[in-house]
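>>> need a structure here:
(one chain, ligands or ions: 1)
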Amino acid sequence: MLVHNQIYCGDCVELIRDLPDESIDLVITSPPYYQQRDYGGGIGNETTLDQYLDRLITLIEACIRVTKPDGSIVFNLGDKYAASSLLLVPYRFAIRATEQFPTLRLVNAITWVKRNPTPRQFKRRLVSSTEPFFHFVKTDDYYYAIDQFLAIQDQRPLKSESKVGQNLGKRYFELIANSDLTDEQKQLARTELQKVILEAQAGQIAGFRMKIRGLHAEPFGGQAGGRQIQLAKNGFTIIRIYGNPLKRDVIETPVETFKGSQHPAVYPVKLVIEFLHLLTRPGGLVLDPFMGSGSTAVACKLTGRDYLGFELNPDYCQFAEQRLKSMTTQPNLL
Ligand SMILES: C[S@@+](CC[C@H](N)C(=O)[O-])C[C@H]1O[C@@H](n2cnc3c(N)ncnc32)[C@H](O)[C@@H]1O
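Below is the predicted model:
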């Protein structure tokens, strides 16, 4: 039985056998990329891509076994060029995983946009600056706290929407003037339009749409009945758009660097924190089979989740332990 909040030094394929079935809330990890670096043995240095994918498939099979029915598995993989051609390694892995384990569902391929990719301009191709994070689940009843995801970004004022509101407003005034509404209806439409523009400018609503009889298609769907009555009676209807900005499948952060890092391929703690909020409850248990410098463990400690980590290279195990011991909740560690 493995003790929580420990990093175990050894081969993840062997160590994961010690974990009971359905005991983990989230597996989140970044396996070594194919033929990218020599970490001193381990996964990544196989002679062929198929051999590499076979080993990852063996590991994800074990991850599926240890993950709870409402848990998630998140794999971040990088790509590679061979003979001037992109191998599409991450997608080959995702296709094989979903084909081989038909009950595995791929919820999203979330794109990590690196704000500061390695500044090396190629003459004949563009700089790669994205990597996928594949979010897999075992059942449709996976834990999912969508409101927690990118909550920090959501606190930004709805400035851009206010601008849209102003522009839309101008166009609608012209449309009202040129419509076949009665003078009384036009006056009411202008008053209501002015009101909703002010609401958008004050950030009380995210935006709005106006429909004017004879100019726009009639509304249909859930609330269409009420709107059709307004159109018939007043000659117009205004649809207010409330709620948060869309939660999109993109996370943009800089590549992680922190003082004294001894690991060449660290993923950002901030990014892991987003997944912890989205996919685990406070106190949940998170496994990273390729713990590297300990980023997943740092994110767990900062957000009150338990972790288990495996790492083959003893130097990285030691470094991750030091990083965890010395950490405070200061933002420079993020
Ligand atoms: C891409 S790095 C992970 C980096 C980590 N996400 C971080 O932020 O520091 C992959 C790690 O997997 C380790 N590794 C390779 N094969 C392994 C294996 N079979 N079992 C456990 N760890 C392994 C490597 O030593 C390397 O540190």
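
>>> Strands of the stretch 151-300 of the chain, residue ranges please.
Ranges of strands in the stretch 151-300 of the chain, per DSSP state E, counting those that start in this stretch, are 207-212, 236-241, 250-253, 285-288.

>>> What pairs with the third one, parallel or antiparallel?
This means strand 250-253. Sheet pairing of strand 250-253 (DSSP bridges) gives strand 105-114 (parallel).

>>> is the ligand contacted by the strand it pairs with?
No - judged by CB under 6 Å from any ligand atom, strand 105-114 makes no contact with the ligand; its nearest approach is 12.0 Å. Using the backbone N, CA and C atoms, a C-beta is placed for each residue, glycine as well.

>>> So which residues make contact with that strand?
72, 76, 91, 94, 97-98, 129-140, 142, 249-255, 267, 271 (CB atoms under 8 Å, 6 or more residues apart in numbering).

>>> can you tell if stretch 7-16 touches the ligand?
Yes - using CB under 6 Å from any ligand atom, we find that stretch 7-16 touches the ligand at 11-13.

>>> Which of the residues in that stretch are classified as buried?
7-9, 12-13, 15-16 (16 or more other CB atoms under 10 Å).

>>> care to break this protein down by domain?
Using automatic domain parsing, the domains assigned to the chain come out as 6-150+247-333, 156-241.

>>> With mean pLDDT as added columns, please give the ones you listed in CSV.
CSV is the format used below for the domains of the chain (pLDDT from 0 to 100):
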stretch, mean pLDDT
domain 6-150+247-333, 93
domain 156-241, 83
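
>>> Determine which stretch of those is the most buried.
domain 6-150+247-333 (a mean of 17; mean count of other CB atoms under 10 Å).

>>> Just the element for Asp21, please.
Taking DSSP states H and E as the definition, Asp21 sits outside all helices and strands.

>>> Distance check, the residue lying closest to it once chain neighbours are set aside against Tyr143.
Distances taken as CB to CB, 6 or more residues apart in numbering place Arg65 nearest to Asp21, at 5.7 Å, with adjacent residues excluded. Here the criterion is CB to CB, to the nearest Å. By it, Arg65 lies 18 Å from Tyr143.

>>> sorry, back to before: the residue nearest to Asp21: what secondary structure?
When classified by DSSP: H, G, I helix; E, B strand; the rest coil, Arg65 comes out as helix.

>>> Tell me the spacing between it and the ligand.
17 Å (CB to the nearest ligand atom, to the nearest Å).

>>> Surely Met1 touches Asp18?
Yes - at 7.2 Å, Met1 counts as touching Asp18 under the criterion of CB atoms under 8 Å.

>>> Would you confirm that Gln6 contacts Asp306?
No - contact criterion CB under 8 Å: Gln6 and Asp306 do not qualify, at 9.9 Å.

>>> Kindly report the residues of the chain close to the ligand.
Contact residues, the chain versus the ligand (CB under 6 Å from any ligand atom): 11-13, 30, 32, 39, 42-43, 263, 265-267, 290, 292-293, 295, 310-313, 316.

>>> Quick check: bridge partners of Glu131?
Applying DSSP bridges, one finds that Glu131 bridges with Trp112.

>>> One more: the one 5 residues further on?
Using DSSP bridges, the beta-bridge partners of Phe136 come out as Ile73, Leu106.

>>> Now for it: which residues touch it?
By CB under 8 Å, 6+ apart, the residues touching Phe136 are 60, 72-75, 97-98, 104-107.

>>> what do you get if the cut-off is 6 Å, keeping everything else the same?
The neighbourhood of Phe136, defined by CB atoms under 6 Å, 6 or more residues apart in numbering, consists of 73, 104, 106.

>>> tell me the SS of the residue in the stretch 1-150 of the chain that the ligand sits nearest to?
Nearest residue of the stretch 1-150 of the chain to the ligand, counting by CB to the nearest ligand atom: Gly42, 2.4 Å away. Recorded secondary structure, Gly42: coil (three-state DSSP).
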